[in-house]
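Undergrad: sequence plus the predicted model coming up.
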Amino acid sequence: MDILRFLTAGSVDDGKSTLIGRLLYDTHNLLQDQLEAIRWASRNKDFLDLSLITDGLKAEREQGITIDVAYKYFQTARRKFIIADCPGHLQYTRNMITGATHSQLALILVDARKGIQEQTKRHTAICTKFGVQHLVLCVNKMDLVGFSESVFQEICAEYESFVEHLPVKTINFLPISAFLGDNVAEHSQNMSWYKGKTLLEILENENFPENISEQKRFQLQFVLRPHQDYRGFAGTMLSGTFRKGDKVKIFPSKAITYISHIEFSGKEITEAKAGQAVTLLLQDEVPFSRGDMLVGGEEHFSEQLNIKVLLAWLDDTQTLQVGKKYFLQKGSKLVKCVVKAIPRKFNIHTANYETWDNFLHVNEIAEVHLRLAEPLHFDNFYQNAPNGNFILIDEQSNQTTAAGVFEQYLEV
């Protein structure tokens, strides 16, 4: 049974937590003690507050909002699901990026009374720019607009126009009432004009492939040396498949060797696939250190130090400025870098780029040119996401200041 990872996003009070609660409730994925706890928490209300299933923090319950990314797990007869309920408030945008980088699909919620909001656009842009290329626009609270088809169509037309310039592969439009359950797990009797699938049918039956290529990529996390006759290289297969006997090349040393053994969970296996944490044993004594990459033996890679990236700035205490130095963390590799230029900023209102200046404020997204202190092995994020993402870390505070994706090497 395969696993689908998806997130919910949108403006504050669009009903993200209620929708997840409704999904879990209608698919019978709540334990009896969970139901009793929700009933107790809802005792002073005239309805069962399903949003409380995900809003677990005390501060969230008191304020009626989602602050942290809340993960929930459920399954049906067809699939297993991991849901990331992302916060809607502007100041928690960095938490939303966390959810986006680990999801295959995004449910973008819109309050039917309010239509497309600034946060709707911001979350859509973040999702698509940071790896989620499959969207479902859930126009929620249709019961509060009389289940109006014209309201639904107007919102869909505006949203479709907005995403026209974004890297979206598939998009579904869905009128729902998470509060009443219309078109969530069952077809709505109140919207007979809607002939499409329910949300559950979309989640169970459609395919949402990830941006992972067949290119062979392994990043070393640490070297295992329990005794002098054993030297194992532990790390994660980012993409592709390595098999026993494969010819491999090490970045950045360019040393070539062969895989002699592959171990997983203490047992020897014949191949290592994308996503697996494995230990590789190599035929020769070659220079291979933490953060180095292992690729296919015939592969060529760039040693350019100048790169073009897309950055989402997350630091509300300072701006990103040309000339400023940062640490760049790519998996287990940490290198120094300097900001060389900020050529274009992404305008969330038009979904287009515009010429920009030499700074970037919190929650803004821009094309940025960086110069690395030493070469790194990247793939274009939109072709092979696991080997195309990174974060920037402030040298003084050691705080994460930006999330980024690699686009290309620059010839300078």
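TA: That came through fine. Residues are numbered from 1 along each chain as shown.
Undergrad: and the next element down the chain from the helix or strand bottoming out on mean pLDDT in the chain?
TA: In the chain, the helix or strand scored least confidently by mean pLDDT, DSSP states H and E is helix 58-63, which has a mean of 39. As assigned by DSSP states H and E, the chain's next helix or strand after helix 58-63 is strand 70-75.
Undergrad: and the next element down the chain from that following strand?
TA: Counting by DSSP H and E, the next helix or strand C-terminal to strand 70-75 is strand 80-85.
Undergrad: outside of that next one, which residues touch it?
TA: 1-8, 16-17, 20, 23, 54, 66, 69-75, 98-99, 102-103, 203 (C-beta atoms under 8 Å, 6 or more residues apart in numbering). Using the backbone N, CA and C atoms, a C-beta is placed for each residue, glycine as well.
Undergrad: ok, that strand: who's next to it in the sheet?
TA: Strand 80-85 has the following strand partners under DSSP bridges: strand 3-10 (parallel), strand 70-75 (antiparallel).
Undergrad: can you pull out the strands in the stretch 201-350 of the chain?
TA: 217-224, 232-239, 241-243, 247-251, 256-264, 267-269, 271-273, 277-282, 293-296, 306-313, 320-321, 325-330, 333-347 (DSSP state E, counting those that start in this stretch).
Undergrad: with Ile171 as the reference, name the closest of the ones you listed.
TA: Minimum separation from Ile171 across the strands of the stretch 201-350 of the chain (C-beta to C-beta) falls at strand 333-347, 19.3 Å.
Undergrad: any idea of the mean pLDDT for the closest one?
TA: The pLDDT scores in strand 333-347 average 94.
Undergrad: that strand - contacts with which helices or strands?
TA: Here strand 333-347 touches strand 320-321, strand 325-330, strand 352-355, strand 359-360, strand 365-372, going by 3 or more C-beta pairs under 8 Å, 6 or more residues apart in numbering; DSSP states H and E.
Undergrad: can you list the ones you listed in TSV and add mean pLDDT and distance to Glu164?
TA: Output for the helices and strands packed on strand 333-347, formatted as TSV (pLDDT from 0 to 100; distance: least, C-beta to C-beta, whole Å):
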stretch	mean pLDDT	distance to Glu164
strand 320-321	92	28
strand 325-330	97	32
strand 352-355	86	10
strand 359-360	86	25
strand 365-372	95	17
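Undergrad: for Asn211, which of those strands is the nearest?
TA: When these are compared by C-beta to C-beta, strand 325-330 sits nearest Asn211, at 16.5 Å.
Undergrad: where in the chain is pLDDT low?
TA: For the chain, the stretches flagged by pLDDT under 70 are 1, 54-70, 87-95.
Undergrad: break the protein down into its domains, please.
TA: Listed domain ranges for the chain are 3-205, 217-296, 306-409 (source: automatic domain parsing).
Undergrad: which one of the ones you listed lies nearest to Asn211?
TA: When these are ranked by proximity to Asn211 (C-beta to C-beta), domain 306-409 comes first, at 4.2 Å.
Undergrad: that closest one spans what distance, first to last residue?
TA: 6 Å (C-alpha to C-alpha, to the nearest Å).
Undergrad: start the count at 813, not 1, going forward
TA: In the new numbering, first residue 813, that becomes domain 1118-1221.
Undergrad: go ahead and flag the most central residue of this protein.
TA: Centroid-nearest residue in the chain, with C-alpha atoms, centre = their mean: Thr913, separated by 1.6 Å.
Undergrad: doesn't Ala1215 make contact with that residue?
TA: Yes: applying C-beta atoms under 8 Å as the test, Thr913 and Ala1215 come out as touching, 7.4 Å apart.
Undergrad: quickly list what's touching both of those two.
TA: 942, 1201.
Undergrad: reformat the domains of the chain as CSV; add distance to Asn1023.
TA: Formatted as CSV, those follow (distance: least, C-beta to C-beta, whole Å):
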stretch, distance to Asn1023
domain 815-1017, 6
domain 1029-1108, 10
domain 1118-1221, 4
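Undergrad: mean neighbour count for the strands of the stretch 1013-1162 of the chain - can I get that in CSV?
TA: Formatted as CSV, the strands of the stretch 1013-1162 of the chain follow (neighbours: other C-beta atoms under 10 Å):
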stretch, mean neighbour count
strand 1029-1036, 18
strand 1044-1051, 21
strand 1053-1055, 16
strand 1059-1063, 19
strand 1068-1076, 16
strand 1079-1081, 11
strand 1083-1085, 18
strand 1089-1094, 18
strand 1105-1108, 22
strand 1118-1125, 22
strand 1132-1133, 18
strand 1137-1142, 18
strand 1145-1159, 17
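Undergrad: can you say which of those strands is nearest to Gln1195?
TA: Each of the strands of the stretch 1013-1162 of the chain has some distance to Gln1195 by C-beta to C-beta; the shortest is strand 1044-1051, at 9.8 Å.
Undergrad: list the strands paired with that closest one, with their directions.
TA: When pairs are called by DSSP bridges, strand 1044-1051 turns out to pair with strand 1029-1036 (antiparallel), strand 1089-1094 (antiparallel).
Undergrad: quick one: the ones you listed as a markdown table, columns for distance to His1181 too.
TA: Below are these laid out as a markdown table (distance: least, C-beta to C-beta, whole Å):
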| stretch | distance to His1181 |
| --- | --- |
| strand 1029-1036 | 24 |
| strand 1089-1094 | 34 |
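Undergrad: helix or strand for Phe1218, which one?
TA: Phe1218 belongs to strand 1212-1221 when assigned by DSSP H and E.
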